[in-house]
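In: can you look at this prediction? I've put the sequence above it.
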Amino acid sequence: ETGVTQTPRHLVMGMTNKKSLKCEQHLGHNAMYWYKQSAKKPLELMFVYSLEERVENNSVPSRFSPECPNSSHLFLHLHTLQPEDSALYLCASSQEQRNTEAFFGQGTRLTVV
Amino acid sequence: GEDVEQSLFLSVREGDSSVINCTYTDSSSTYLYWYKQEPGAGLQLLTYIFSNMDMKQDQRLTVLLNKKDKHLSLRIADTQTGDSAIYFCAERSGAGTALIFGKGTTLSVSS
């Protein structure tokens, strides 16, 4: 148990669906991240939120929409996804001022059909 | 740009030592990390090293850093079958930056 919880653990959605991934951290951290993990590719940083403001957006398609309502919660809203978006989506958090390591959730395994 | 490279596979026998290597390109990297990912799970931090250190030892794990060559290695002594997992090298260049990961090395331990 890392203190970062992601739900759901598995999600299958059609290309016309809208769904959301949720991440919650109980560590008192002030930065949260979304990463995408595809087979045989490096972990791709998608979004960074620091103090609830988006500070990085790595050219992610607009069909992925993040939301950070407070420092403990992070969402990734999904709509009209493509099959190539199937991957493991990992959420992480860290305490930026102390520059400590990031703690990861167990991920949501997303399959787009 | 930033880049972290690792070999993709390593196979060892139980009881042997495993050495997983990583190279990075960002000379301003100040913190380097090793994460472990078991099947179906997220990433778990194993150990980390600051760039002003050459070596760090933590029980069966030894991290070596060659900052001149931008080379990082993780040695696992007395490798066990439970060590089978994907090992990720990651770096960050300072406070306020996100981790940059390699593709991961799949370690397979046979008995």
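Out: Everything's here; your move.
In: for residue 52, give me its contacts.
Out: If you meant another chain, say so; for now it's chain A. A:68, A:69, A:70, A:71 (Cβ atoms under 8 Å, 6 or more residues apart in numbering or on different chains). To be clear about C-beta, it is placed using only N, CA and C from the backbone, and glycine gets the same treatment.
In: close to chain B: what parts of chain A are there?
Out: By Cβ under 8 Å from any Cβ of the partner chain, the residues of chain A that approach chain B are A:2, A:4, A:6, A:33, A:35, A:40-43, A:45, A:48, A:50, A:55-56, A:90, A:92, A:96-97, A:99, A:101-107.
In: redo that, cut-off 6 Å
Out: Proximity of chain A to chain B (Cβ under 6 Å from any Cβ of the partner chain) is limited to residues A:33, A:42-43, A:45, A:48, A:90, A:96, A:99, A:101-102, A:104-107.
In: tell me the one of those residues nearest residue B:101?
Out: residue A:43 (3.8 Å; Cβ to Cβ).
In: tell me the pLDDT at that closest one?
Out: Looking at residue A:43, its pLDDT stands at 84.
In: give me the distance between it and residue B:64.
Out: 23 Å (Cβ to Cβ, to the nearest Å).
In: neighbour-wise, which of these two wins?
Out: residue A:43 (25 against 17; other Cβ atoms under 10 Å in any protein chain shown).
In: quick check: closest non-adjacent residue to the more buried one.
Out: residue B:101 (3.8 Å; Cβ to Cβ, 6 or more residues apart in numbering or on different chains).
In: same question, residue A:80
Out: Spatial nearest neighbour of residue A:80, excluding adjacent residues (Cβ to Cβ, 6+ apart): residue A:63 at 5.3 Å.
In: who touches that neighbour in this structure?
Out: A:79, A:80, A:81 (Cβ atoms under 6 Å, 6 or more residues apart in numbering or on different chains).
In: out of these, who's nearest residue B:41?
Out: residue A:81 (23.7 Å).
In: how about the secondary structure of the closest one?
Out: Following DSSP: H, G, I helix; E, B strand; the rest coil, residue A:81 is assigned to coil.
In: repeat for the one 3 residues further on
Out: At residue A:84, secondary structure determined by three-state DSSP is helix.
In: mind listing what the closest residue to it other than its chain neighbours touches?
Out: In space, and not counting its chain neighbours, residue A:84 is closest to residue A:112: 7.9 Å by Cβ to Cβ, 6+ apart. Going by Cβ under 6 Å, 6+ apart, residue A:112 touches A:13, A:81, A:83, A:85, A:86.
In: if you set the cut-off to 10 Å instead, what comes out?
Out: Applying Cβ atoms under 10 Å, 6 or more residues apart in numbering or on different chains, one finds that residue A:112 lies in contact with A:11-15, A:17, A:19, A:78, A:80-87.
In: just the buried subset of those residues, please.
Out: Among the contacts of residue A:112, the ones that count as buried by 16 or more other Cβ atoms under 10 Å in any protein chain shown are A:11, A:13, A:19, A:78, A:81, A:85, A:86, A:87.
In: I'd say the second one and residue A:108 touch.
Out: No - under the criterion of Cβ atoms under 10 Å, residue A:13 makes no contact with residue A:108, lying 11.0 Å away.
In: now for those two: what residues contact both?
Out: residue A:19.
In: follow-up on the earlier one: distance of the residue nearest to residue A:43 relative to residue A:35?
Out: 8 Å.
In: and for the two, which residues touch both?
Out: Counting by Cβ under 10 Å, 6+ apart, the residues touching both residue B:101 and residue A:35 are A:42, A:43, A:44, A:45, B:43.
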